[in-house]
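**Q** Attaching a predicted model along with its sequence, questions to come.
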Amino acid sequence: MLGAPLSRIIRKILTARPVKCQRGGRKFCRAFQSGFPHGKRRSSSNPGLYVWVMRMSRLFARTLRDDPADAEVDSYRLLARGGYIRRVASGIYAWLPLGDRVLRKASEIVREEMDAAGAQEMVLPIIQPLELWQRSGRDGAYGPLMFRLEDRKETGFCLSPTAEEVITSLVSGELSSYRDLPVNLYQINWKYRDELRPRFGLLRAREFLMKDAYSFDTDVDGLRLAYKQMYDAYTRIFERCGLTFRAVEAQSGEIGGDINHEFMAVAAVGEDDFVWCRNCDYAANVEAATRAAPAADLPSVVPVMEEVHTPDMPGIALVANFLGVEPSAMLKCIAFEVDGQIGLALVPGDDEVNEYALGRALAPRSVRLLGDDDFAAHPELPKGYIGPNHPSASVVVADEVLVTRPGPWVTGANRVDHHVRNALLGRDFNVDTFAPLATVTTGDACPRCGAELSVDRGIEVGHVFQLGTKYAEALGALYTDESGEQHPMVMGCYGIGVSRVIAAVAEEHHDEHGLAWPRAIAPFDVHVVALPGRGDAGASVVAAAEQLCAALEEAGVDVLYDDRDASPGVKFADADLLGMPVQLVVGAKGVGRGVVEVKHRKTGERTELPLDDPPAIAATVLGR
RNA sequence: CGGGGAGUGGCGCAGCGGUAGCGCACCUGCUUUGGGGGCAGGAGGCCGGGGGUUCGAAUCCCCCCUCCCCGACCA
């Protein structure tokens, strides 16, 4: 039993306001006099946080002038320099107060959108019994990726890399009727994966903050609805975080048939290639991407095919240059093996054959492009001089472009040192199958809208899966339907790498001076820089700055206040490095004229506002 | 795991057999005050760990640990 005073305190805490309102730095602020005295005011940009003014003189963060030696990506480099995070071990980071604020802002956005989508937040254990993983059969599948540990009785546990097993097992014990479904449960919690190689700072960490959600439905229709809701919520979340992203339909892995989308944030340091349209919402893995076939202007008459001597030119570029034609006018003939036979894949000379696409075209047969060893074993295939009408080819697959563009082509003559001109489909060679074979490249046309496609690297910030009944069956998550029959629940799972999102935002929103946060994610809405100098005006400058901070707080603005005894250069450099969206400079010059200078971090735009009009200043800061 | 490299003050680095140094940061004082300013003084280091070689090891040899980078996984 709790003692009376303690239980009273707890009741007070529980009844005073929603639990999440306990977040924020108020207590810290008061205890250490690091901030201003203030009322209970919510952040206008983030209602889950209290607004307050943080004095930089008290802030636990030191900015670094030099880049950390191990910084290879801008996100980690700038977050470390700015005092947001510190590396503690390989792939493991401490989040200092500034970083923690960003983490909370991102988490709160996720929370709001998940709640709005009808999901319920909860907390699952990070330490999970291995036994659950053995039951689902994933103990072996995850293998060395899991951090493993034993208790004193030598019972096996792991640190949660994800939580399908735990949640499924939990739900199976709690819910048993169709009346209980559907339900969507989520948590925002630390996850652990003993990555082969942690790298890129927060982008591939061994400890990372993840929002993981799990939906349970009675049937596939319900799953599809839950999936759609999550998909839409994810779109809103990433939009609010200021990311340029696309939802990419991912290749269904070995689980086969499961629908899943990856949310990719466009970034040069991303680890996956994907194709996306800058005009519509088309997006796909490079392996899965297709393009609209370019229109061809056909010559009315194609002269008779003729052989030309092309000595020592086993490549598109060499031949095109020698004959004075564009590479796109050449037909590339790539030899492959399918079921022990030789086949040819035809694509224009400036394209590459997408091996996955070729495989899909010939499925279910398996396809393998020939390597140097194969050419050595097939002397009848003169690499670099193969033509589309090669007698050994049992099957010829051509890119769809050839449908509208039968020729004339410059291509191989099936004889070393010889090519042909004016090869025409239907006259000089034939094709068995047309398929989208070419690897899509930047500049190709979108298959949906025809606009230009881009191929970019992306950071996977989210992933939504239609799981089906796999885990429900393995872990006995069954429900009873109207007629009393038992069925496995139909599940979906939905992940967002919250800490990775922050790294992705930092990758997208920075310049040579430092970070430039979108306001939704910024640890503070505004950075007030006081420049008192040493002259007589100093005291009035400080007074003006402090009044401004107090007024902004009153207006619901999160303020980072640089009250340090440092030179202007240091303060400006730190303000740019830390990257609050708006900087307010209170200096002797401006105060004398009754104005504060406003600098927008992202654009560099500078304006002035009257010091005695805090509402106008607050409105500018809040972008209103 | 394979291949490459590095561990020296909080951070970034030099030193590579003979008294442990530099820049940034930190402390004191003076000076300066609109883009990381200047002068003077100061504090801070089992030179990753263990074992050798040597009169003497940060430095040479062996073992171990950690970390980083390049290739196979994923939020």
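**A** Received it, and whenever you're ready, just let me know what you need. Residues are numbered from 1 along each chain as shown, chains lettered A, B, ... in the order given.
**Q** could you point out where the stretch 251-400 of chain A is predicted with low confidence?
**A** A:251-257, A:297 (pLDDT under 70).
**Q** what does it put close to RNA strand B?
**A** Within the stretch 251-400 of chain A, the positions lying close to RNA strand B (Cβ under 7 Å from any atom of the strand) are A:262, A:263, A:271, A:272. Bear in mind the C-beta positions are built from the backbone N, C-alpha and C, glycine included.
**Q** Mind picking the two most distant members of those residues?
**A** Greatest spacing in those, by Cβ to Cβ: A:263 and A:271 (14.1 Å).
**Q** Compare neighbour counts for these two and give me the winner.
**A** Taking other Cβ atoms under 10 Å, residue A:263 and residue A:271 do not tie; residue A:263 has more neighbours (26 against 13).
**Q** And the more buried one, its phi and psi?
**A** When quoted as degrees, to the nearest 10, the phi and psi of residue A:263 stand at phi -100, psi 110.
**Q** so what's it up against?
**A** A:234, A:238, A:245, A:246, A:247, A:248, A:460, A:461, A:462, A:463, A:464, A:496 (Cβ atoms under 8 Å, 6 or more residues apart in numbering).
**Q** Who does the residue lying closest to residue A:608 once chain neighbours are set aside form a beta bridge with?
**A** Of all residues not flanking residue A:608 in the chain, residue A:595 sits nearest, at 4.4 Å (Cβ to Cβ, 6 or more residues apart in numbering). Beta-bridge partners for residue A:595, by DSSP bridges, are residue A:610.
**Q** so residue A:98 touches residue A:80, yeah?
**A** No - judged on Cβ atoms under 8 Å, residue A:98 makes no contact with residue A:80 at a distance of 11.3 Å.
**Q** coming back round to it: okay, and which of the contacts of residue A:263 map to helices?
**A** A:234, A:238 (DSSP state H).
**Q** is it possible to export the contacts of residue A:263 to TSV including distance to residue A:125 and pLDDT?
**A** TSV is the format used below for the contacts of residue A:263 (distance: Cβ to Cβ, whole Å; pLDDT from 0 to 100):
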residue	distance to residue A:125	pLDDT
A:234	25	98
A:238	28	98
A:245	31	94
A:246	34	92
A:247	31	93
A:248	32	90
A:460	25	93
A:461	25	95
A:462	23	95
A:463	22	93
A:464	24	94
A:496	20	97
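**Q** so what does the longest strand seen in chain A touch, helix or strand wise?
**A** Using DSSP state E, we find that the single longest strand of chain A is strand A:453-468. With contacts defined as 3 or more Cβ pairs under 8 Å, 6 or more residues apart in numbering; DSSP states H and E, the packing partners of strand A:453-468 are helix A:220-240, strand A:245-249, strand A:260-266, strand A:272-277, strand A:490-497, helix A:498-508.
**Q** following it, which helix or strand comes up?
**A** As assigned by DSSP states H and E, the chain's next helix or strand after strand A:453-468 is helix A:470-474.
**Q** Can you give me the neighbour number for the spatially closest residue to residue A:465 that is not a sequence neighbour?
**A** Computed as Cβ to Cβ, 6+ apart, the closest residue to residue A:465 that is not its neighbour in sequence is residue A:260, at 4.4 Å. For residue A:260, the neighbour count with other Cβ under 10 Å is 20.
**Q** can I assume residue A:260 is in contact with residue A:463?
**A** Yes - taking Cβ under 8 Å as the definition, residue A:260 is a contact partner of residue A:463 at 6.5 Å.
**Q** Reformat the helices and strands packed on strand A:453-468 as a markdown table; add distance to residue A:59.
**A** Formatted as a markdown table, those follow (distance: least, Cβ to Cβ, whole Å):
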| stretch | distance to residue A:59 |
| --- | --- |
| helix A:220-240 | 26 |
| strand A:245-249 | 31 |
| strand A:260-266 | 29 |
| strand A:272-277 | 37 |
| strand A:490-497 | 27 |
| helix A:498-508 | 19 |
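**Q** Which among those is found nearest to residue A:201?
**A** helix A:498-508 (6.2 Å).
**Q** for chain A, which spans come out with low pLDDT?
**A** A:1-51, A:251-257, A:297.
**Q** And it, what are its domain boundaries?
**A** Split into domains by automatic domain parsing, chain A comes to A:18-51+A:524-621, A:100-290+A:454-505, A:306-435.
**Q** Quote the end-to-end distance of the second one.
**A** From the first residue to the last, domain A:100-290+A:454-505 extends over 15 Å; the measure is Cα to Cα, to the nearest Å.
**Q** Mind checking the helices and strands packed on strand A:453-468 for the one nearest to residue A:206?
**A** Closest among these, using Cβ to Cβ: helix A:498-508, at 11.4 Å.
**Q** can you give me the offset of the closest one from its chain's centre?
**A** 8 Å (Cα atoms, centre = their mean, to the nearest Å).
**Q** what angle separates it from helix A:220-240?
**A** 40 degrees (axes from the mean of the first three to the mean of the last three Cα atoms, to 10 degrees).
**Q** wait, what's in contact with the residue sitting furthest away from the middle of chain A?
**A** The outermost residue of chain A relative to its centre, with distances by Cα atoms, centre = their mean, is residue A:304 at 53.2 Å. By Cβ under 8 Å, 6+ apart, the contact set of residue A:304 is residue A:422.
**Q** Can you tell me the SS state at it?
**A** coil (DSSP: H, G, I helix; E, B strand; the rest coil).
**Q** Now do the phi/psi pair for it.
**A** Dihedral angles phi and psi of residue A:304 (degrees, to the nearest 10) take the values phi -60, psi 140.
**Q** quick one: residue A:618 and RNA strand B, what's the gap?
**A** 20 Å (Cβ to the nearest atom of the strand, to the nearest Å).
**Q** Also residue A:118?
**A** With Cβ to the nearest atom of the strand as the criterion, residue A:118 and RNA strand B are 21 Å apart.
**Q** Next: residue A:102.
**A** Distance of residue A:102 to RNA strand B, computed by Cβ to the nearest atom of the strand: 15 Å.
**Q** Equivalent analysis for residue A:98, please.
**A** Distance from residue A:98 to RNA strand B, by Cβ to the nearest atom of the strand: 14 Å.
**Q** Now do the SS call for that residue.
**A** helix.
**Q** again, but for residue A:619
**A** Residue A:619 ends up helix, using three-state DSSP.
**Q** What number of residues are in the vicinity of it?
**A** By other Cβ under 10 Å, neighbour count at residue A:619 equals 14.
**Q** Now whichever residue of the stretch 201-350 of chain A sits closest to RNA strand B. Nearest residue, chain neighbours left out?
**A** Among the residues of the stretch 201-350 of chain A, residue A:208 lies nearest to RNA strand B; the distance is 3.5 Å by Cβ to the nearest atom of the strand. What sits nearest to residue A:208 in space, not counting adjacent residues and going by Cβ to Cβ, 6+ apart, is residue A:499, at 4.7 Å.
**Q** same thing with residue A:181?
**A** residue A:218 (5.1 Å).
**Q** wait, the one you found sits on residue A:488?
**A** No - in this structure residue A:218 lies outside contact range of residue A:488 using Cβ under 8 Å: 10.0 Å.
**Q** What are the boundaries of the helices in the stretch 101-250 of chain A?
**A** Secondary structure of the stretch 101-250 of chain A by DSSP state H, counting those that start in this stretch: the helices cover A:130-136, A:138-142, A:164-174, A:220-240.
**Q** Residue A:514: which of the ones you listed is closest?
**A** Residue A:514 lies closest, by Cβ to Cβ, to one member of the helices of the stretch 101-250 of chain A: helix A:220-240, at 22.2 Å.
**Q** now the angle between helix A:97-116 and that closest one, please.
**A** Going by the same axes, to 10 degrees, helix A:220-240 makes 140 degrees with helix A:97-116.
**Q** Buried ones in helix A:220-240, by neighbour count?
**A** Under the neighbour-count criterion of 16 or more other Cβ atoms under 10 Å, helix A:220-240 has A:222-223, A:226-227, A:229-231, A:233-235, A:237-238, A:240 buried.
**Q** got the angle for that helix vs strand A:490-497?
**A** Using the same axes, to 10 degrees: helix A:220-240 against strand A:490-497 is 10 degrees.
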